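Student: sequence and predicted structure are below.
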Amino acid sequence: MSDLYWLTDEQMERLRPFFPKSHGKPRVDDRRVLSGIIFVNRNGLRWRDAPGEYGPHKTLYNRWKRWGAMGVFARMMGGLALGKAEPQTIMIDATYLKAHRTASSLRVKKGGPGRLIGRTKGGMNTKLHAVTDRNGRPLSFFMTAGQISDYTGAAALLDRLPKAQWLLADRGYDADWFREALQAKGIKSCIPGRKSRARPIKHDKRRYKRRNRIEIMFGRLKDWRRVATRYGRCPTVFFSAVCLAATVMFWL
């Protein structure tokens, strides 16, 4: 197949520092397995349908599950972003990711963290909260059930915000506590005020227009079929798919 995806030698060198150490038996070819994992996630395939050029599908799946549970893919994105980001201006927003019936079926075990899937007007969804740099490249993610408010994601991502001069966000993030928290960090907020406010809040409309870059980022992430539609029940595995897509598209 001529349309198979293969990581280049240069890309592998960038990713290799984030690989866990191999204990005992040497790992199967990292380039082949990782390229297969990317191909499956981008095209929304079942693991058993992975092209044979990538090796046994069980090898791909086991590596995917194991490294996902270890947080390897999240560290890849965070580590690569650390050296290339341009955080003078950052942006925050959230988007819905549709959950397939296979992800939301069966009852959740008591005492567990849950699947981070909730019912909204659009059906069963997971909500992805993101912070990006000035170019719309993702710096950090936070995942909640679909019905959770943007404020919850903003509060969770607050401590992960890099040093920046400005933060752009839509009026869904217009809250006094959030503006004050940004001010305490030395970050100026460019957030339109809610229409219900007694006193209108001014914002830099010219600067605010740049916020469309984070929406473009969400759109590009959803080009990966295993991101646009959540098929698996495990939130850690799904979060890994999001981080892997962001790494390949924005930081490699």
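Tutor: Structure's in. What do you need? Numbering: from 1, shown residues only.
Student: elements contacting the lowest-mean-pLDDT helix or strand in the chain?
Tutor: For the chain, using mean pLDDT, DSSP states H and E, the weakest element among its helices and strands is helix 101-104, scoring a mean of 80. With contacts taken as 3 or more C-beta pairs under 8 Å, 6 or more residues apart in numbering; DSSP states H and E, helix 101-104 sits against strand 123-132. Every C-beta, even on glycine, is put in place using the N, C-alpha and C of the backbone.
Student: kindly export the helix or strand following the strand it packs on (C-alpha atoms) in PDB.
Tutor: The element immediately downstream of strand 123-132 (helix or strand, assigned by DSSP states H and E) is strand 138-145. This file holds the C-alpha atoms of strand 138-145, laid out as PDB (Å, rounded to 0.1, in the frame of the first residue of the first chain):
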ATOM      1  CA  PRO A 138      -1.700  22.800  21.700                       C
ATOM      2  CA  LEU A 139       0.300  23.100  25.000                       C
ATOM      3  CA  SER A 140      -1.900  21.200  27.300                       C
ATOM      4  CA  PHE A 141      -5.200  19.300  27.400                       C
ATOM      5  CA  PHE A 142      -7.800  18.400  30.100                       C
ATOM      6  CA  MET A 143     -10.700  16.100  29.500                       C
ATOM      7  CA  THR A 144     -14.100  16.000  31.100                       C
ATOM      8  CA  ALA A 145     -17.600  14.600  30.500                       C
END
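Student: which SSE is immediately downstream of strand 138-145?
Tutor: By DSSP H and E, the next helix or strand past strand 138-145 is helix 150-157.
Student: quick one: mean pLDDT for that next one?
Tutor: The predicted model gives helix 150-157 an average pLDDT of 94.
Student: what does it rub up against?
Tutor: Contacts to helix 150-157, defined as C-beta atoms under 8 Å, 6 or more residues apart in numbering, come from residues 92, 94, 127, 129, 131, 140, 142, 144, 169, 172-173, 175, 178.
Student: switch those residues over to JSON lines; also include pLDDT, distance to residue 31 and neighbour count.
Tutor: Output for the contacts of helix 150-157, formatted as JSON lines (pLDDT from 0 to 100; distance: C-beta to C-beta, whole Å; neighbours: other C-beta atoms under 10 Å):
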{"residue": "92", "pLDDT": "97", "distance to residue 31": "35", "neighbour count": "28"}
{"residue": "94", "pLDDT": "96", "distance to residue 31": "34", "neighbour count": "26"}
{"residue": "127", "pLDDT": "96", "distance to residue 31": "34", "neighbour count": "23"}
{"residue": "129", "pLDDT": "97", "distance to residue 31": "32", "neighbour count": "21"}
{"residue": "131", "pLDDT": "96", "distance to residue 31": "31", "neighbour count": "25"}
{"residue": "140", "pLDDT": "95", "distance to residue 31": "27", "neighbour count": "22"}
{"residue": "142", "pLDDT": "96", "distance to residue 31": "31", "neighbour count": "20"}
{"residue": "144", "pLDDT": "95", "distance to residue 31": "34", "neighbour count": "21"}
{"residue": "169", "pLDDT": "96", "distance to residue 31": "39", "neighbour count": "25"}
{"residue": "172", "pLDDT": "91", "distance to residue 31": "42", "neighbour count": "16"}
{"residue": "173", "pLDDT": "94", "distance to residue 31": "41", "neighbour count": "22"}
{"residue": "175", "pLDDT": "92", "distance to residue 31": "46", "neighbour count": "16"}
{"residue": "178", "pLDDT": "95", "distance to residue 31": "43", "neighbour count": "20"}
